[in-house]
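Q: Generate a structure from the sequence data that follows.
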Amino acid sequence: MVVSHHDCLIIKQKVVVTAVMASMEEEELDPRVQIELEKLNTATDDINKLEAKLEEANNLFRATLTESTAVLKSLAKKLGSCIEKARPYYEAQELARTSQLDCQRAAVQYQRANALHQAAKETIALAEERFVNCRHEQWQFDSAWQEMLNHATIKVMEAEAQKAASEREHMRRASVFQQAEQRVQQLQRGLRSSINKSLIYFEEKAKVQAQLESQKERVQQLQRAVAASKLSYAQSLRSLEQISEEIHEQRRCHLPREPGVGAELTPPEAVDALVNDQGAKPFSPLEEMTSKEEEYWECLREKLEKLQVCNPQLVTANNEVASDLMQKNQPMRFFFTTMV
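A: Numbering: from 1, shown residues only. Predicted coordinates:
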C-alpha cells in the first residue's frame, strides 16, 4: 500500500497533537495550540475539497481528450486526403497569427523606448536650464549633482541605443509577419479546393484545442491551490511542534511561557504568490531594460522638480516639460497589419 505525502502529514499531525496535549495535561491549554489546531482543520478541509476538484478536473480533461480524438479521427477518415493537403495552409495561418502578435508586441516596446528616449532628453534639458538660470543665485550645485547629471547624460545615450535596438527588433518582427502572411495567401490560392473540403476538420480541431487549453489551465490553477493549502498545513504543524518544544524547555528551565511563535515561517504573501502565479509570458530583455529605465528617469525628474526655483519664468517652463514627460505622446511608426 502506497502512503501519500498528505497521509504522512495526517499521521504526523496526530503524533504532534498527541505530544502537545500530553505535555499540557494538568495545565491550562495554551491559546496558541487552539489557534494552530483550527488552522490545521481548515487547511485539511481545503486540501480535501481542492483535491476532489482537481481529480474531477483531471478526469474531465482526459475524457475531453479521448472524445475529441475519436471525433477528429472519424472526420479524418470521412474527409480523406484533403486534410493532409490543406494542413500546410493551416500551419502557415497559425504561424502568421503568432507572428502578428509578436510584431504588435515589438511595436509597443518600440513605442515605450522612443518615449523613454524623449523623456530622458527633456529631463537633461530641464536640469541644464535650471543650472544656467540659477548659477548666479544663492543655489548650491555640488559635486554630487554634477556626478548625477554626468551619469544621466550617459543614460540618455543608452536610451538612444535602446530605442534603435527596439526599432530594429520591430522591423524584423514586421518582416517575419509579412513573409508569413504572403505564404498564407500563396497556399490559399494553390490549395483552395482542399482547404474548403477540410475546413470542418480544422475548425473542430481549433475548438477542441481551445477547450483543452482552458481545462488544462483549470487543472494547473487547482494544483497551485492544493500546494498552497499543503504549505499552510505544514506551517501550522511546525508551529505546534515549536509550541511543544517551547513548553518542554520552559518546564526544564522553570520559566513562564511567552507568546509568539512562527516568526521564521513563510509569510502569507508567499502563499498568495503561489496561488496567484499565472505563468505569464516573460518579458524580453528589451522590455525589462525599458521598465528599469522608466523608473530611473521618473526618479530623476522628481529630484529635479524638488530643486529650489530661481525665477517665475523657469516655473512655467518646468511645468510644461513635466507635462510633456507625463504625456509621452511622440508619434511612432509601427505595424498593426490585419491578417487576411
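Q: Sketch out the low-pLDDT regions of the protein for me.
A: Within the chain, the stretches with pLDDT under 70 are 1-29, 132-142, 144-145, 254-283, 303-340.
Q: Now for residue 32, how many residues are close by?
A: 19 (other CB atoms under 10 Å). The way it works is simple: take the backbone N, C-alpha and C, and place the C-beta from them, glycine included.
Q: That one is in contact with residue 246, isn't it?
A: No. Residue 32 is not in contact with residue 246 according to CB atoms under 8 Å; the separation is 9.2 Å.
Q: Which residues does stretch 66-81 contact?
A: 83, 197-198, 200-201, 204-205, 208, 211-212 (CB atoms under 8 Å, 6 or more residues apart in numbering).
Q: mind redoing it with 6 Å?
A: With CB atoms under 6 Å, 6 or more residues apart in numbering as the contact definition, stretch 66-81 has outside contacts at 83, 198, 201, 208.
Q: which residues touch the third one?
A: Which is residue 201. Applying CB under 6 Å, 6+ apart to residue 201 gives the contacts 75, 79, 83.
Q: Select the longest helix from the chain.
A: Longest helix of the chain, by residue count under DSSP state H: helix 192-253.
Q: shouldn't residue 290 be in contact with residue 110?
A: No. Residue 290 is beyond contact range of residue 110, at 9.7 Å (criterion: CB atoms under 6 Å).
Q: The two - which one has more neighbours?
A: For residue 290 and residue 110, the more surrounded residue by other CB under 10 Å is residue 110, and the numbers stand at 26 against 23.
Q: just checking, what packs against the helix or strand where that one lies?
A: Using DSSP states H and E, residue 110 falls within helix 82-134. If you count contacts as 3 or more CB pairs under 6 Å, 6 or more residues apart in numbering; DSSP states H and E, helix 82-134 packs onto helix 143-190, helix 192-253, helix 285-305, helix 312-327.
Q: picking that back up, could you identify which of the contacts of residue 201 has the most neighbours?
A: residue 83 (20 neighbours).
Q: Skipping adjacent residues, who's closest to it in space?
A: residue 198 (4.7 Å; CB to CB, 6 or more residues apart in numbering).
Q: could you dump the helices and strands packed on helix 82-134 to CSV with distance to residue 46?
A: Listed next are the helices and strands packed on helix 82-134 as CSV, based on distance: least, CB to CB, whole Å:
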stretch, distance to residue 46
helix 143-190, 45
helix 192-253, 4
helix 285-305, 36
helix 312-327, 45
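Q: Out of those helices, flag the one nearest residue 47.
A: helix 192-253 (4.8 Å; CB to CB).
Q: Could you figure out how far the closest one is turned away from helix 82-134?
A: Orientation check (axes from the mean of the first three to the mean of the last three CA atoms, to 10 degrees): helix 192-253 against helix 82-134 gives 60 degrees.
Q: Run the angle between helix 192-253 and helix 143-190 for me.
A: Using the same axes, to 10 degrees: helix 192-253 against helix 143-190 is 140 degrees.
Q: If I follow the layout properly, residue 83 ends up in contact with residue 197?
A: No. Look at residue 83 against residue 197 with CB under 6 Å: they stay out of range, at 8.4 Å.
Q: out of the helices and strands packed on helix 82-134, which comes closest to residue 58?
A: Of all the helices and strands packed on helix 82-134, it is helix 192-253 that lies closest to residue 58, at 6.0 Å by CB to CB.
Q: ok, so what distance separates residue 78 from residue 178?
A: 37 Å (CB to CB, to the nearest Å).
Q: quick one on the thing from earlier: show me the one of the helices and strands packed on helix 82-134 that comes nearest residue 106.
A: Ranking the helices and strands packed on helix 82-134 by proximity to residue 106 (CB to CB) places helix 143-190 first, at 4.1 Å.
Q: For that closest one, which helices and strands make contact with it?
A: helix 82-134.
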